[in-house]
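1. How does the following fold in three dimensions:
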Amino acid sequence: MRIGCCFLNKRKRRLHYLVGDLEGYEDNVRCLFEISKYCSLQEDKGQMTLPHEDQLFIFLENAPFFGRQTYQMWRSMFDLPLPPFKKFDFSRPKAMHLLSLETFHIKDAKVNGIPFVEFIGSFLKTFFSGLNIHLVEQFSAEDFNPIHRKHPVTGKRQLLVSDFYGKMHEVTKLPKSDYILGLTWTDLYPKEELNFVLGEASYHHKCGVFSFGRFEPQTFEGQATSDNEDDTDLELDGEIVWKMLRVATHETCHLFGLQHCVFFHCAMNGSSSISEAITQPLFLCPVCLRKLQKFLGFDVLERYQDLLKMCGLLQVEYPSQSMSDAIHWLKECLQFLNSRKF
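-> Numbers count the residues shown, from 1 in each chain. Below is the predicted model of the structure:
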């Protein structure tokens, strides 16, 4: 009896450590968050672990001490007396401005009759349910006078992504309380010694930037090209659309203070290459979902239902195996939630 009691107390402490207090959530949502107890922590080595009941979320082995961010760690940032979280009010309406900063050579790409860049905003509005998203097209990348370079191998023009951070609110005159996500056609790079980056965001500055036009892997495999090729229309396909949504959602989560996830296969996993980034899930694990739900206050079940509809629209017009797998996962997740309504 004592052993069982100790194990039960350990489970409660583990859950509270990973996802905080779950009182107030409906039973099915609480069950979803409680899957976090199946993750594998570094301190579990040699100890009895919990059996894994389902494969809705796949845990990573031995999540390290350093580099992990539990819900409790994330939540504690908002109690700091320093910007950007000073006096943060979770109940306050939140807004993000999606800045289309360049001409996008994607022909007349549309989803359900909506221009593709506008559809990205609609998808983000669904993924980040509760966040007001506004598409802004009156600024260009050159308005921010970003530091730039020629890629040492391809000769392509690249913009230093971090050089946008301190300028975005100043140039646009948008409220400093709002978030900004810029979208460029030109390549980005994070620092001189690195090749490129698909996107990057700073929660301290409340802004980020990601790039559309250079998703073709050959661009970074030593094939020299000319800047004139930047004007060539890109034929959108399902895999390119998938990459765009993966990067946009990942970087937006960073804006809200979410760090890279080490607990499960998750949309917030870190990556060191394009191939690694695009094979990661589009959706958040229980630990990261708990953070985002607290930040935006959305209804978990309704959000997944809306995401299923949105992904279905994309799959009709820009099909891909990645999106097909995502739709399958959403259906399993909804089945999980609907079967645990008590």
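2. ok, now which ones touch Leu32?
-> 286, 289, 300, 333, 336-337, 340 (C-beta atoms under 8 Å, 6 or more residues apart in numbering). In short, each C-beta sits where N, CA and C put it, glycine included.
3. Check the gap between it and Phe127 for me.
-> 17 Å (C-beta to C-beta, to the nearest Å).
4. And the closest residue to Tyr189 other than its chain neighbours, which helix or strand is it part of?
-> Sequence neighbours aside, Gln158 is the residue nearest to Tyr189 in space, at 4.7 Å (criterion: C-beta to C-beta, 6 or more residues apart in numbering). When elements are assigned from DSSP states H and E, Gln158 belongs to strand 157-160.
5. centre of the chain versus the next helix or strand after that strand, how much separation?
-> Counting by DSSP H and E, the next helix or strand C-terminal to strand 157-160 is helix 168-172. Offset of helix 168-172 from its chain centre (C-alpha atoms, centre = their mean, to the nearest Å): 23 Å.
6. Repeat that for stretch 327-342.
-> Mean-position distance between stretch 327-342 and its chain equals 21 Å (C-alpha atoms, centre = their mean).
7. list the buried ones in that stretch?
-> 327, 329-330, 333, 336-337 (16 or more other C-beta atoms under 10 Å).
8. Out of those, which sit inside helices?
-> The helices, defined by DSSP state H, take in 327, 329-330, 333, 336-337 from those.
9. can you pull the contacts of the most centrally placed residue in the chain?
-> Residue closest to the average C-alpha location in the chain (C-alpha atoms, centre = their mean): His250, at 1.9 Å. Neighbour list for His250: 199, 267-268, 277 [criterion: C-beta under 8 Å, 6+ apart].
10. closest to Gln55 among the residues you listed?
-> Of all the contacts of His250, the one with the least separation from Gln55 (C-beta to C-beta) is Ala267, at 17.1 Å.
11. Does the closest one touch Leu282 like I think?
-> Yes. Between Ala267 and Leu282 there is a contact at 5.8 Å, judged by C-beta atoms under 8 Å.
12. Just list what the strand holding Gln158 packs against, helices and strands only.
-> Counting contacts by 3 or more C-beta pairs under 8 Å, 6 or more residues apart in numbering; DSSP states H and E, strand 157-160 packs against strand 148-150, strand 187-189.
13. in the chain, which spans are strands?
-> With strands called from DSSP state E, the chain shows them at 94-100, 110-111, 114-115, 131-136, 148-150, 157-160, 179-184, 187-189, 199-202, 207-211.
14. of all these, which lies closest to Lys309?
-> strand 110-111 (12.2 Å).
15. how about low-confidence regions in the stretch 201-342 of the chain?
-> In the predicted model of the stretch 201-342 of the chain, residues 213-232, 342 satisfy pLDDT under 70.
16. those helices in it, which residues are they?
-> 238-255, 274-278, 286-296, 300-317, 321-338 (DSSP state H, counting those that start in this stretch).
17. contacts for the last one?
-> Meaning helix 321-338. 28-29, 31-32, 54, 56, 238-239, 241-242, 278-279, 281-283, 300-301, 304-305, 307-308, 311-312, 314-315.
18. do the same with the fourth one
-> The set of residues external to helix 300-317 that reach it, using C-beta under 8 Å, 6+ apart, is 28-29, 32, 110-112, 122-123, 126-127, 129, 238, 241, 283, 289, 293, 323-324, 326-327, 330-331, 333-334, 337-338.
19. again with the third one
-> Outside helix 286-296, the residues within contact range by C-beta under 8 Å, 6+ apart are 18-20, 32-36, 39, 57, 70-71, 74-75, 90, 94, 128-131, 253, 256-258, 261, 263-264, 266-268, 283-284, 300.
20. out of those, which are buried?
-> Buried among these (16+ other C-beta under 10 Å): 18-20, 32-36, 39, 57, 70-71, 74-75, 94, 128-129, 131, 253, 256-258, 261, 263-264, 266-268, 283-284, 300.
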